[in-house]
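Peer 1: Kindly generate the corresponding structure for this input.
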Amino acid sequence: MNPGAVQNIGRVPELYRRILFTFGMLAVYRLGCAVPTPGIDPEEVRRFFEETGGGLFGLVNLFTGGAFERLSIFALGIMPYISASIILQLLTVVIPKLEELKKEGEEGRRVITRYTRYGTVLLAIVQGFMMATALEQGAFGQNAVLQPGWGFRIMAVITLTAGTSFIMWLGEQINERGIGNGISLVIFAGIVVSIPSASSQLFDLVRTDQMTPIGAILLLLFMVGVVAVIVYVERSQRRIPIQYARRVVGRKQVAGGTTYFPLRLNTSGVIPPIFASSLLLLPLQVSAWGGMERVSDFVNDYLGFTGPTYNVTYVALIMFFAYFYTGVLINPDDVAENIKKNGGYIPGIRPGKRTAEYILRVLNRITLLGACYLAAVCVLPNLLAAQLAVPFLFGGTALLICVGVAMDTVGQIEAHLVSRNYDSFVQGARIRGRGGR
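Peer 2: Numbers count the residues shown, from 1 in each chain. This is a model prediction of the structure:
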């Protein structure tokens, strides 16, 4: 965003209010991350994480913005909502009734959203109960629970479920009254707040000679390079030329011309890494909180954050969700039908079925490139961090989410500014037209 656009934000009252509302909601979220769950000894939990480093739960803690480490009322984070969204979208492909609801427009989307909310609450209740049981069994320190028993379990389940439901509500409020995607911004806020502590840990490593200054500089340069790659690829497009013939609209004859149908190289955005991470964290939570030692040992051995099995599974899930979500966003048959209705065609391709096949072929190719890019960005920094023995969680997934969400939010702000300027131009033209009369 250029400096001129930043100055114009204050001149658009609606956009200014939306941005302030978004910051206010994120501030409320950060405030809730510091409120401990009733019946928990925060000092005992903090001591446990300091001694153990959190283990694989470091990734959970990253996505919850430190709420998991404090076992606050937002300890479950937004993961139950993401899991419920994954389940509903997968069921949409299998259950015809959900597919029909999806095609009904706004009313159908409201019904699916309501089902997603119900699924979120149900998953939060299950995970909250498992977490409360694990706390009583000493999963986060032997004295983490002040008064064990069913009273604590019921209170913990209600509190954690209410916390997740409140985060879901915050995200929906940001979507309606703020700017940007609410759920993505909540995850973004949780990741960004860990940057100061990670920078402090890196400085301590250099100060105590555990890492050479050159190594720290190379690590920072690598992170900057990853950010540059993300920005470049996220802006990349494959433009399909569309030719329009002369046609009559009402009483006017509209001249033909050439336009483009843009296909982003990464059409699915940051959704595949978020969904993949959520699914990989689910067995970790179930095994750790369910008291299943053998399953927990298996998960720790084969689904370790830097282990080969984890990375291979992570890449496979990213590839799957990249294709799946792209298919949800873009239907080649609908695109081909709309082009045909508007009197357009792709040069060298017959309208109708052939056009849909051509768009599908192009979409599959760029989706493959986009999925490979997502997998590389998410996995390679993790492997590098493991080789350099970086104590904080330096992950490509976090970088991708931060940069992707920031670019999407800036794009929405610019769209509001362009729309405002267009409305002003139209109003000015009308005033000049009246004056000419």
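Peer 1: what distance separates the start and the end of stretch 95-110?
Peer 2: Taking Cα to Cα, to the nearest Å, stretch 95-110 runs 17 Å from one end to the other.
Peer 1: Now do that stretch: everything it contacts.
Peer 2: Under the contact criterion Cβ atoms under 8 Å, 6 or more residues apart in numbering, stretch 95-110 has outside partners 88, 91-93, 111-112. For the C-beta atoms, the positions are set from N, CA and C on the backbone; glycine is no exception.
Peer 1: Mark which of those residues are part of strands, please.
Peer 2: Applying DSSP state E to the contacts of stretch 95-110, no entry is found in strands.
Peer 1: Just checking: the least confident one among those is which?
Peer 2: Least confident entry in these, by pLDDT: Val93, with 76.
Peer 1: Just list the residues touching that residue, thanks.
Peer 2: Glu99 are the contacts of Val93 under Cβ under 8 Å, 6+ apart.
Peer 1: Give me the distance between it and Leu329.
Peer 2: 14 Å (Cβ to Cβ, to the nearest Å).
Peer 1: now swap in Leu185 and tell me
Peer 2: 20 Å.
Peer 1: Just want to know which of these two has more residues nearby.
Peer 2: Legend: neighbour count by other Cβ atoms under 10 Å for Leu185 and Leu329, higher for Leu185 (25 against 12).
Peer 1: okay but the more buried one is in contact with Gly171, surely?
Peer 2: Yes. When contacts are counted by Cβ atoms under 8 Å, Leu185 is listed as touching Gly171 (7.5 Å).
Peer 1: mind listing what Ile230 touches?
Peer 2: 377, 399-400, 403-404 are the contacts of Ile230 under Cβ under 8 Å, 6+ apart.
Peer 1: Out of those, grab the one that's most surrounded.
Peer 2: Leu400 (26 neighbours).
Peer 1: Would you map the strands across the chain?
Peer 2: Counting by DSSP E, the strands of the chain are 237-244, 247-249, 252-254, 257-264, 344-345.
Peer 1: Which of those strands sits closest to Glu69?
Peer 2: With Cβ to Cβ, the closest approach to Glu69 among those belongs to strand 257-264: 35.7 Å.
Peer 1: Relative to the closest one, what are the paired strands and their orientations?
Peer 2: strand 237-244 (antiparallel) (DSSP bridges).
Peer 1: And the average pLDDT for the partner strand is what?
Peer 2: Rounded mean pLDDT across strand 237-244 is 87.
Peer 1: and what of stretch 205-220?
Peer 2: 80.
Peer 1: that older thread, ok, the contacts of Ile230 vs Asn181, which is closest?
Peer 2: Gly404 (10.0 Å).
Peer 1: so that closest one touches Glu234, yeah?
Peer 2: Yes. The pair Gly404 / Glu234 is scored as a contact, 6.3 Å apart, by Cβ under 8 Å.
Peer 1: With distance to Arg30 added, can I get the contacts of Ile230 in CSV?
Peer 2: Below are the contacts of Ile230 laid out as CSV (distance: Cβ to Cβ, whole Å):
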residue, distance to Arg30
Val377, 27
Leu399, 21
Leu400, 22
Val403, 21
Gly404, 21
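Peer 1: so what's Tyr115 up against?
Peer 2: Leu88.
Peer 1: Swap in 10 Å and give it another go.
Peer 2: For Tyr115, the contact set (Cβ atoms under 10 Å, 6 or more residues apart in numbering) comprises 84, 87-88, 91, 98, 101.
Peer 1: out of those residues, which is most surrounded?
Peer 2: Ala84 leads the contacts of Tyr115 on contacts (other Cβ under 10 Å) with 21 neighbours.
Peer 1: Excluding sequence neighbours, find me the nearest residue to it.
Peer 2: Excluding the flanking residues, the one nearest Ala84 by Cβ to Cβ, 6 or more residues apart in numbering is Gly119, at 3.4 Å.
Peer 1: so how far is Thr326 from that neighbour?
Peer 2: 23 Å.
Peer 1: pLDDT below threshold where in this structure?
Peer 2: Flagging of the chain using pLDDT under 70 yields the residue ranges 1-8, 10, 51-59, 139-141, 246-256, 285-307, 382, 385-395, 420-437.
Peer 1: you'd agree Gln89 is up against Phe275?
Peer 2: Yes. Using Cβ atoms under 10 Å, Gln89 makes contact with Phe275 at a distance of 8.9 Å.
Peer 1: Run a quick neighbour tally on the nearest residue to Glu357 once chain neighbours are set aside.
Peer 2: Leaving out its chain neighbours, the residue that sits closest to Glu357 by Cβ to Cβ, 6+ apart is Pro332, at 7.6 Å. Neighbour count for Pro332, taken as other Cβ under 10 Å: 19.
Peer 1: wouldn't Pro332 be in contact with Leu363 here?
Peer 2: Yes. The pair Pro332 and Leu363 passes the contact test of Cβ under 10 Å, sitting 6.5 Å apart.
Peer 1: Pull up the gap between Leu400 and Phe275, please.
Peer 2: 13 Å.
Peer 1: How about Cys372?
Peer 2: For Cys372 relative to Phe275 (Cβ to Cβ), the value is 17 Å.
Peer 1: and those two? which has more neighbours close in?
Peer 2: In this view Cys372 and Phe275 are compared by other Cβ under 10 Å, and Phe275 has more residues nearby, 23 against 14.
Peer 1: Can you name the residues that contact the more buried one?
Peer 2: 82-83, 85-86, 89, 268, 317-318, 320-322, 324-325.
Peer 1: again with Leu90
Peer 2: 98, 324.
Peer 1: Tell me which of the strands of the chain is the most buried.
Peer 2: strand 344-345 (a mean of 21; mean count of other Cβ atoms under 10 Å).
Peer 1: got JSON lines for the contacts of stretch 95-110, with distance to Asn181 too?
Peer 2: Shown next, in JSON lines, are those (distance: Cβ to Cβ, whole Å):
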{"residue": "Leu88", "distance to Asn181": "17"}
{"residue": "Leu91", "distance to Asn181": "22"}
{"residue": "Thr92", "distance to Asn181": "20"}
{"residue": "Val93", "distance to Asn181": "23"}
{"residue": "Val111", "distance to Asn181": "21"}
{"residue": "Ile112", "distance to Asn181": "17"}
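Peer 1: Now, those residues that are in helices?
Peer 2: Mapping the contacts of stretch 95-110 onto helices (DSSP state H) picks out 88, 91-93, 111-112.
Peer 1: Could you work out the end-to-end span of stretch 61-81 for me?
Peer 2: End residues of stretch 61-81 are separated by 16 Å (Cα to Cα).
Peer 1: before we move on, back to that, quick one, which of Gly119 and Thr326 is more surrounded?
Peer 2: Set Gly119 next to Thr326 and count neighbours by other Cβ under 10 Å: Thr326 wins out with 23 against 19.
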